[in-house]
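Got a sequence here, can you model it:
(one chain, ligands or ions: 1)
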Amino acid sequence: MTQALLENYRNDFPALARRRNEKPPVYLDNACTTLVPQPVIAAMNEYYADYPACGGRRSHHWFAQEATRRIEGDLEQGIQGARQLIAEFIHAGSENEIIFTLNTTHAINTVALGFQFQSGDVVLVTGREHNSNLLPWLRLQNLGLVKVEHTTANFEDVFDLEEFESHFKNNRVRLVSMAWTSNVTGTTFPAKDVIAIAHRYGARVLLDGAQTVPHQAVDVRDLDVDFLAFSLHKMCGPRGVGVLYAKSELLGRDGQIGNDVIEPTILGGGTVEDTTFDSYRLLRAPDRFEAGIQNYAGLIASGVAVEYLRQIGMERITAHEAELNRYLTDALRNRYDDLGWFNILGPRETNQRGGILTFVVQRPNAVGIATELDAKRNIMIRDGVFCAHAYFNEQFGLNWMHPTSYREHRMIYRLSFYLYNTFAECDIFLETLDEIFKERSYID
Ligand SMILES: Cc1ncc(COP(=O)(O)O)c(C=O)c1O
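As a prediction, this is how the structure comes out:
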């Protein structure tokens, strides 16, 4: 990405113009949630200011029509709504395969609660899941409805297709549900191979695309994936909007259950065609899954967000993040690789880690580095376990978070890039980290 283009994009993000102690923000917590560009903010404001009405084809007046058109489009007038824009963004076959949810977590739970499991069914996850793709399955396991198995994880985060396939040999794996890109290491698993293997054994696949869809071009039909979950707030969109993509044959028609069709589990206004006092007939998808008045401002702004990313180009975003990651990884390795207490997680090959750089500092009293980076230079990164407790507990042992002495501290820090980050920001991070390490006498 050229400097001029990058500056143009940066100017779209009002938060980047802020100053604290006369210094700009250095926002490197994009895997958590991204900054929001002006057109997305404007779309939300416009909804509330100009047509703050019901957008679900329920009311038919002036304001409702304006809101509905921006969400559902108007084919006669050739206007695309948010649902069509998102369908196109991931190459879905139809906009009716796009179900709006609150976030990725809600999308995964929609499958977990709606899928008709039978006794003896296995749900296969990977060894490095975010809690949002683990707890919904563990809950079903606690209820005795499924057994949860996981693939073996390693610090290099290499996916072993043979080991993956071995889980199908002695189990009835009904569903594979996996983080496509790890929020810990940034590694993207070979989804197409995984899906082909799972389908060969008659299993369905749900991809948790929370860290993939914002950063790479995605084609659900080419992948042949059954379900895909992602969040708009991780891709320049509003908070509180996610998407569950599902193949249309899995979204059900009236009276149809089984055959891997998911049943809507939250019902109410907007989901039914007709009701009596003892029966109901549901609308087709997506309506049957979107009960009650929705976050219309968010839905409208989601269309604007994906259009914003599309215009920049997903390939350009992927390449930009990879360049930043390579630059910072090389610099960190040059400085600290030989010291023995500084380790970058994931594959040695930087271009396999997308836009995520997670490092472990294993020094006495290693806590608080993220807070210091923020206080000194407004550098915002993440520390902790990034909702991947199970993964770290398995890698480090159950008590690693509660060392008996401060000398055994092991802290994990994650930087994550997006389209607006710069090499200059990487340099600010490097200088400040060096300063902190010196102040702590970790280095001379
Ligand atoms: C891999 C992964 N899955 C799921 C989630 C949950 O996303 P949300 O909080 O938007 O539901 C995250 C969020 O960080 C994630 O990184």
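
Would you list the phi and psi of G120?
For G120, the backbone dihedrals (degrees, to the nearest 10) come out as phi 100, psi -10.

list the contacts for it?
By CB atoms under 8 Å, 6 or more residues apart in numbering, the residues touching G120 are K147, R172. C-beta here means a position set from N, CA and C on the backbone, and glycine is covered the same way.

Show the pLDDT at it.
On the pLDDT scale, G120 is placed at 93.

repeat for I257
59.

And for the one 5 residues further on?
Confidence at I262, expressed as pLDDT, is 96.

That one looks like it's in a strand, true?
No - assessed with DSSP: H, G, I helix; E, B strand; the rest coil, I262 is coil; it does not lie in a strand.

is it true that it touches L251?
Yes - I262 lies in contact with L251 (CB atoms under 8 Å); the separation is 6.8 Å.

Could I get the full set of strands for the stretch 151-300 of the chain?
Under the criterion DSSP state E, counting those that start in this stretch, strands of the stretch 151-300 of the chain are mapped to 172-179, 204-208, 227-231, 242-246, 272-275, 280-282.

And the third one, how far out from the chain middle?
Mean-position distance between strand 227-231 and its chain equals 8 Å (CA atoms, centre = their mean, to the nearest Å).

ok, and what's touching that strand?
With CB under 8 Å, 6+ apart as the test, strand 227-231 has contacts from 90, 101, 103-104, 107-108, 111, 204-210, 212-214, 218, 220, 237, 241-247, 250.

Would you mind listing where the protein has pLDDT under the threshold?
In the predicted model, the chain carries pLDDT under 70 at residues 254-258, 407.

contacting residues for the residue most central in space within it?
In the chain, the C-alpha nearest the mean C-alpha coordinate belongs to A210, at 1.4 Å (CA atoms, centre = their mean). With contact set as CB under 8 Å, 6+ apart, A210 has these partners: T104, H130, S132, A179, T181, N183, A229, F230, S231, K234.

Go through this protein and flag its longest helix.
helix 314-336 (DSSP state H).

which residues touch the closest residue to G186 other than its chain neighbours?
Closest residue to G186 apart from its sequence neighbours, by CB to CB, 6 or more residues apart in numbering: I356 at 2.9 Å. Contacts here follow CB under 8 Å, 6+ apart; on that basis I356 touches 31, 182-186, 211, 325, 346, 414-417.

restrict those to contacts with the ligand.
Filtering the contacts of I356 for proximity to the ligand by CB under 6 Å from any ligand atom leaves A31, N183, Q211.

What is the burial count for the nearest residue to the first one once chain neighbours are set aside?
Taking CB to CB, 6+ apart, and ignoring the residues beside it in sequence, A31 has S416 as its nearest neighbour in space, at 3.5 Å. Using other CB atoms under 10 Å as the criterion, S416 is surrounded by 27 other residues.

S416 touches D29, doesn't it?
Yes - judged on CB under 8 Å, S416 makes contact with D29 at a distance of 6.4 Å.

list the residues that contact both of these two?
Common neighbours of S416 and D29, counting by CB under 8 Å, 6+ apart, are R382.

Report the secondary structure element holding the residue in the stretch 251-400 of the chain that the ligand sits nearest to.
The nearest approach of the stretch 251-400 of the chain to the ligand comes at C387, 6.2 Å away (CB to the nearest ligand atom). For C387, there is no host helix or strand (DSSP states H and E).

Count residues in the vicinity of it, would you?
Neighbour count for C387, taken as other CB under 10 Å: 18.

what's near enough to touch it?
Applying CB under 8 Å, 6+ apart, we find C387 in contact with H130, N131, S132, N183.

before we move on, what about D74?
G81.

Name whatever forms a beta bridge with it.
Beta-bridge partners for D74, by DSSP bridges, are I79.

quick one: it and the ligand, what's the gap?
For D74, the distance to the ligand equals 30 Å [CB to the nearest ligand atom, to the nearest Å].

Y51 now?
For Y51, the distance to the ligand (CB to the nearest ligand atom) stands at 27 Å.

Return the backbone torsion pair for that residue.
phi -150, psi 60.

just the one 10 residues further on next, same as before
H61 adopts backbone torsions of phi -80, psi -180, taken as degrees, to the nearest 10.

Surely it is in contact with G55?
No - using CB under 8 Å, H61 is not in contact with G55; the gap is 11.9 Å.

Neighbour count for those two, which is higher?
Taking other CB under 10 Å, H61 and G55 do not tie; G55 has more neighbours (28 against 10).

Please report how far that one lies from the ligand.
From G55 to the ligand the distance is 22 Å (CB to the nearest ligand atom).

Which secondary structure state is assigned to that residue?
coil.

can you pull the contacts of it?
Shown in contact with G55 (CB under 8 Å, 6+ apart): A64, A67, T68, R70, I71, E72, Q294, Y296, L299, I300.

tell me which element the third one is part of?
I take that to be T68. Here T68 is assigned to helix 62-72, by DSSP H and E.

coming back round to it: of the ones next to the ligand among the contacts of I356, closest to the ligand?
Closest to the ligand, out of all of the ones next to the ligand among the contacts of I356 and judged by CB to the nearest ligand atom, is N183, at 3.2 Å.

Based on its surroundings, how many neighbours for that closest one?
25.

Tell me which of the strands of the stretch 151-300 of the chain lies nearest to the ligand.
Nearest of these to the ligand, taken as CB to the nearest ligand atom: strand 227-231 at 3.4 Å.

That closest one: which residues count as buried?
Neighbour counts over strand 227-231 (16 or more other CB atoms under 10 Å) mark F227, L228, A229, F230, S231 as buried.

before we move on, what about stretch 270-281?
Buried residues in stretch 270-281 (16+ other CB under 10 Å): G270, T271, V272.
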